[in-house]
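# What would the 3D arrangement of this be:
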Amino acid sequence: MKTTDEMAALAERARTGDPEAFAALYALIYKDLYRYAYYMLGQKEDAEDVVSETIMAAYAQIASLRSAEAFRGWIFRILSNKCRSQRAAYLVKNSELDEEMQDPDGDFTEESLLRTCMDQLTGEEREIIYLHVFGGYKSHEIGLILNMNPATVRSKEHRALERLRNTQKA
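I've put the predicted structure just below:
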């Protein structure tokens, strides 16, 4: 894996219009973007679509990136916004999704139970949990992605995990 300095150098080249540098950045970050989108959306196809939309938007806007060092947080903010929009669209057809997530005996699957628990959290709390637990990001990295103080990230994560524990006990 490339170091932060190497990623920043690629981002700087991409900012100045080098498509090969952008392609190299894409290759480095695709798995992380996909993993985040998948856990936010829960659907393989939707995650792939949102990541593709994110990459296209980032490529179109790369010249507006203020700091090459901020590339990772910048692209995750784009992805986060696209995931939020997609989740909002899910709410419209929420009752259909609930029916699809049941097995033939009418019981909810493990995935649907996890999703039901995670739906008890705010969107911001879900993002923090997904980024930390599934993405492996530390609080300072999540803070960069979500434009938030790392202490605030830790506090929100603690409260969200506490809420999940209480939901599980109920």
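# Could you use CA atoms for every contact and neighbour count after this?
Noted.
# Would you point out the helix or strand in this structure whose mean pLDDT is lowest?
helix 94-100 (a mean of 51; mean pLDDT, DSSP states H and E).
# Assign residue 17 to helix, strand or coil.
coil (DSSP: H, G, I helix; E, B strand; the rest coil).
# Could you list the domains of this structure?
1-92, 103-170 (automatic domain parsing).
# so the residue nearest to the spatial centre of the chain is in which element?
Residue closest to the mean C-alpha point of the chain, counted by Cα atoms, centre = their mean, is residue 36 at 3.7 Å. Assigned by DSSP states H and E, residue 36 falls within helix 19-41.
# helices or strands next to that helix in the packing?
helix 4-15, helix 44-61, helix 71-92 (3 or more Cα pairs under 8 Å, 6 or more residues apart in numbering; DSSP states H and E).
# which one of these lies closest to residue 22?
helix 4-15 (5.0 Å; Cα to Cα).
# quick check, distance from that closest one to the centre of its chain.
21 Å (Cα atoms, centre = their mean, to the nearest Å).
# residues in contact with it?
The contact list for helix 4-15 (Cα atoms under 8 Å, 6 or more residues apart in numbering) reads 20-22, 24-25, 62-65, 67-71.
# What residues of it count as buried?
7-15 (16 or more other Cα atoms under 10 Å).
# Relative to residue 137, which of those is nearest.
Nearest to residue 137 among the buried residues of helix 4-15, counting by Cα to Cα, is residue 7 at 16.6 Å.
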